[in-house]
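Trainee: How does the following fold in three dimensions:
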Amino acid sequence: DLYCKLLNTAVKEEKGELQEQPGFDTQIDCDIDAFIPDTYIPNESQKLDVYKRISSIENEEDYSEMQDELIDRFGEPPAPVLGLIRTSLLRAYSAQHNIYEIGRKGDRLLLYIDDLDMQEISAIAAGFPGRVTVSAAGKPHIAVRIMPQDKMLDLLEKVLLLMNTANKQKDS
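Mentor: Numbering: from 1, shown residues only. Predicted coordinates for the structure are as follows:
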């Protein structure tokens, strides 16, 4: 895994695409179907290679290339594989917002972040009226109440999009 990340970094540096990345990987601890079934990739060494490649997804381009490669090599990916590559992309986006852990407790999606940003929190609260709470004590986090119709990855993606929007407004 380390070799793959170093190689990926070297290639991006040569292409001039290297951006400053956080010094951590966001941990996601939620019930998400995100795995490669034996029926999709039966060969264990190929499966391990694909897991490593998926873990290095950092942006939408990497995500699309991974999807295309999987389709070319193994056919249309089943839902758990699509969940895995989407989770990897959302982990990368979460790390860009300094979210070091994502979890679920009861009916709450929890985003653990060391430096709470009021503009980001306001944007999330506006996008999910009456569903957002913030705790700065202990382990600071933003909590978003999960509704019965919510799908975990869709909810997380919407939260991250709202955070992006807040950051773009700050920068302009």
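Trainee: tell me how far stretch 91-99 is from the chain's mean position?
Mentor: Relative to its chain's centre, stretch 91-99 lies at 7 Å (Cα atoms, centre = their mean, to the nearest Å).
Trainee: Export only the CA atoms of that stretch, formatted as CSV.
Mentor: Taking C-alpha atoms only, stretch 91-99 is exported to CSV below (Å, rounded to 0.1, in the frame of the first residue of the first chain):
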residue,chain,number,x,y,z
ARG,A,91,-12.7,9.7,2.2
ALA,A,92,-10.3,11.8,0.1
TYR,A,93,-12.7,14.8,0.0
SER,A,94,-13.3,14.4,3.8
ALA,A,95,-9.5,14.6,4.4
GLN,A,96,-9.4,17.8,2.4
HIS,A,97,-11.8,19.3,5.0
ASN,A,98,-9.7,18.0,7.9
ILE,A,99,-12.3,15.4,8.8
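Trainee: which residues sit against the helix or strand harbouring Asp49?
Mentor: Here Asp49, judged by DSSP states H and E, is contained in helix 44-55. With contact meaning Cβ atoms under 8 Å, 6 or more residues apart in numbering, helix 44-55 is reached by 1, 4, 36, 41, 66, 69-70, 84-85, 88. Where C-beta positions appear, they are placed from N, C-alpha and C, glycine not excepted.
Trainee: Which residue in these has the weakest pLDDT?
Mentor: Among these, Asp1 carries the weakest pLDDT, at 47.
Trainee: buried residues in the helix holding Asp49?
Mentor: Residues 47, 50, 53-55 are the ones in helix 44-55 that count as buried (16 or more other Cβ atoms under 10 Å).
Trainee: so the helix or strand just after that helix versus helix 44-55, what angle?
Mentor: Next in sequence after helix 44-55, counting helices and strands by DSSP H and E, comes helix 60-74. Counting by axes from the mean of the first three to the mean of the last three Cα atoms, to 10 degrees, helix 60-74 lies at 160 degrees to helix 44-55.
Trainee: which helices and strands does helix 60-74 pack with?
Mentor: With contacts taken as 3 or more Cβ pairs under 8 Å, 6 or more residues apart in numbering; DSSP states H and E, helix 60-74 sits against helix 44-55, helix 79-96.
Trainee: out of the contacts of helix 44-55, who's nearest Lys15?
Mentor: Nearest to Lys15 among the contacts of helix 44-55, counting by Cβ to Cβ, is Cys4 at 16.6 Å.
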